[in-house]
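Q: Structure for this input, please:
(chains A and B)
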Amino acid sequence: MSFITSLHGNGARSTHELIQNVFLPELNNDLLSPHDAAELTWNKNDLIITTDAHVIDPLFFSGGDIGKLSVCGVINDLLTRGGKPLYLSANFIIEEGLAIEDLKKILKSMAKELNDNQIKLVCADTKVIPARGKPGLFINSNLIGEKINSQFTFQAPQKGDRIYLNKSIAEHGLALLVEREHLPFHGVLKSDCQALYHQFKSLFENEVKVSYLRDCTRGGVATVAHELAHLFSLSIELFESKIPVNKEVKVALQFMGLDPLEVANEGVMLIIAPKESNLLNQFPELIEIGVLKEKSSFPVILTTVIGGQRIMAYPDHNQLPRIC
Amino acid sequence: MMSFSSPEVTKDLLVQLEDEMIYQDEIRLMEFCGGHTHQLVKSGLMSLLPKNLKMIHGPGCPVCVLPSEHIQAALDLLNTHSHLVIACFGDLMRIPTLNGDSLLSARSRGHDVRMVYDPSILLSMAQKEPEKQFLFLAIGFETTAPATARLIFQIDQQQINNLKVYCLHVTTPPAIAVVMENLKPERRPMGLIGPGHVSLVTGLNLYHEAAAKYSVPICISGFETNDLLTSILVLVKSIKSMKIKVYNEYARILKAQGNLVAQKLLDQVFELRNSFYWRGLGQISNSAYQINSKYKHIDAEKCFKLNLTKVPEHKQCQCGSILKGEKSPLDCKLYAKVCTPSHPLGSCMVSSEGACSAYYAQGISI
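A: Have a look, this model is predicted:
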């Protein structure tokens, strides 16, 4: 088995061999530039761009790996503003000691997501840094695209707008926590890491009335709700009974004393639309979980399953399982 | 059996409770266990209880009652022993020492601090990494003590030399006694909600003594919303009819004799310390376990030179009074201002079972 060493980062022959033997077999394509910059023909109307750094531990998890994540994450970010993904640039910061077999697996997952979404990798860079323990890998990806529909405009968010989710929450964060900390819940839990471009591009093509889209990643739905309440200068009411959480996830989180609303997702889209929008006709799978309200002293309020109300605080610490 | 989480049952129970409490003077109940405090607030039940029913939050939060000198001692060991791995339960990692250090911070500085959920995983970890010295920080009430006892038993059986245990387990009855004996009569609870998971181990005997001694009904409760509401209703009825009795609301899994296997294991491995210092509650005699002499080769207190220097609490921190049921988080000047879950100054803000953290997480502000 071979491993990444500091030689792979020296920019000389070993770096060249790493790129030729490990990166290019998975990621090469007609646009990938051998030069210092990629020259692209751009006859598009609107440019749309996003960037994200991926520093996840563990690199491999049930349902995905850092490679898949580094592509899906930016696809979903671009989608929230109506973007069709076209070109990716990526930086790989690799720690000494990473098994080259593992790197290959990660690149293969990236290649699959790129192909599935017709994205071309146009430029990339690798760096090697000294290991600080368990060898890791960081990927920074930048995605460039064009507007799916340049005629599309978002509605202004206002009170009465409904809040929807595309699927059940908390699966990604829980799957990662379980693997990272070796918690005894293996088998049933799987990250929902997925690209949502194909599922939602028709929303923009058909000019469905929506006010906002947000990829609910770090900090979970609770964090996103707080950010949006602040952004819109409105308050948000969420209905606990309507928030979709799979039974296995609910039980595991309850076991650890964690709140599904605060757990990270990857592949969960939060969509806000005016009450009269035809969104649900187009996307009957969406689940209504809340409503925008007039600004009050509390940005986010949760109506609990039993009809009590509690104010949801802005999550501000790492969730750790409680003792008993 | 889904009745313990059905909203329809909740509504029905709330109506019954309203009926019982109408024209009634104030009734004060204490939930001993932090898990109950957490559920009361998280479910929104606190916002639906009748105004003349007052819940006092008890000291049953293991992280909250652990003095930070033990954390400091563990941090000191990390600095002096380069091959040391400290393993502990999740929320213990966040307990701050007075200068703001914690095991979580130590981990981010590169020390080897590992979170475990089931301590028995340490057996294989220690065997796989023989060059390292493992130390398990064992905390909790009778709920988690049997898992530690079993770990110690297995370390001995499998002759694992690089895994030691720092036993900081505490017991429930002395904590109940301190609260009941120190609270002023006008704040003293008139009924107690007993901890379901502790009782799975201990059984019900200890509550019969407490109920008789302090003349209060005690209802051992499960952790779902309707478990709590049922227990509250049982206690209210019992107080109104002046019955001093022990009730078992958690009968679906709780047997009166408790878990005899676990009890035997506790007896085999542990003995009571003469005295133990509880954060907030002070020195309490016969209130904590230590590893007995048969297993002294596994006892971190015997194997390491632990330097315990009493760490003073933040001057304005009210955790002591909150743990004793004398004050609510809202009575503390630090609460939600400078003391928050990301920067906890007092222990009740550290664990999600602590009264301050439970209040904060639900956005209850001054």
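
Q: you'd agree B:H57 is up against B:M30?
A: Yes. Under the criterion of Cβ atoms under 8 Å, B:H57 makes contact with B:M30 at 7.3 Å. For every residue, glycine as well, the C-beta is placed using N, CA and C.

Q: which residues are common contacts for these two?
A: Both B:H57 and B:M30 are contacted by B:G325, under the criterion Cβ atoms under 8 Å, 6 or more residues apart in numbering or on different chains.

Q: who touches whichever residue of chain B sits closest to chain A in this structure?
A: At 2.2 Å from chain A, B:G44 is the closest residue in chain B, using Cβ to the nearest Cβ. Neighbour list for B:G44: A:L302, A:T303, A:T304, A:V305, A:I306, A:G307, A:G308, A:Q309, A:R310 [criterion: Cβ under 8 Å, 6+ apart].

Q: ok now do B:Y247, which residues does it touch?
A: Residues in contact with B:Y247 (Cβ under 8 Å, 6+ apart) are B:P217, B:I218, B:C219, B:I220, B:S231, B:V234, B:L235, B:S238.

Q: circling back to that earlier point, ok, and the closest non-adjacent residue to the residue of chain B closest to chain A?
A: Closest residue in space to B:G44, ignoring its immediate chain neighbours: A:G308 at 2.2 Å, by Cβ to Cβ, 6 or more residues apart in numbering or on different chains.

Q: all strands for the stretch 101-250 of chain B, in order.
A: B:112-115, B:133-140, B:163-169, B:191-195, B:218-221, B:246-248 (DSSP state E, counting those that start in this stretch).

Q: Just send those strands back as TSV, with mean pLDDT and distance to B:C303 too.
A: Formatted as TSV, the strands of the stretch 101-250 of chain B follow (pLDDT from 0 to 100; distance: least, Cβ to Cβ, whole Å):
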stretch	mean pLDDT	distance to B:C303
strand B:112-115	93	18
strand B:133-140	97	9
strand B:163-169	98	5
strand B:191-195	97	32
strand B:218-221	98	38
strand B:246-248	98	41
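
Q: Redo those strands as JSON lines? Include distance to B:A256.
A: Converted to JSON lines, the strands of the stretch 101-250 of chain B look like this (distance: least, Cβ to Cβ, whole Å):
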{"stretch": "strand B:112-115", "distance to B:A256": "35"}
{"stretch": "strand B:133-140", "distance to B:A256": "23"}
{"stretch": "strand B:163-169", "distance to B:A256": "23"}
{"stretch": "strand B:191-195", "distance to B:A256": "13"}
{"stretch": "strand B:218-221", "distance to B:A256": "10"}
{"stretch": "strand B:246-248", "distance to B:A256": "7"}
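
Q: Of the ones you listed, which is nearest B:S3?
A: B:S3 lies closest to strand B:218-221 among the strands of the stretch 101-250 of chain B, at 14.3 Å (Cβ to Cβ).

Q: So which elements touch the closest one?
A: Secondary-structure packing of strand B:218-221 (3 or more Cβ pairs under 8 Å, 6 or more residues apart in numbering or on different chains; DSSP states H and E): strand B:191-195, helix B:196-202, helix B:205-214, helix B:225-240, strand B:246-248.

Q: what do you get if the cut-off is 10 Å, keeping everything else the same?
A: strand B:27-33, helix B:34-42, strand B:191-195, helix B:196-202, helix B:205-214, helix B:225-240, strand B:246-248 (3 or more Cβ pairs under 10 Å, 6 or more residues apart in numbering or on different chains; DSSP states H and E).

Q: any idea how far the shortest one is from the chain center?
A: Relative to the chain's own centre, strand B:246-248 is displaced by 20 Å; criterion: Cα atoms, centre = their mean, to the nearest Å.
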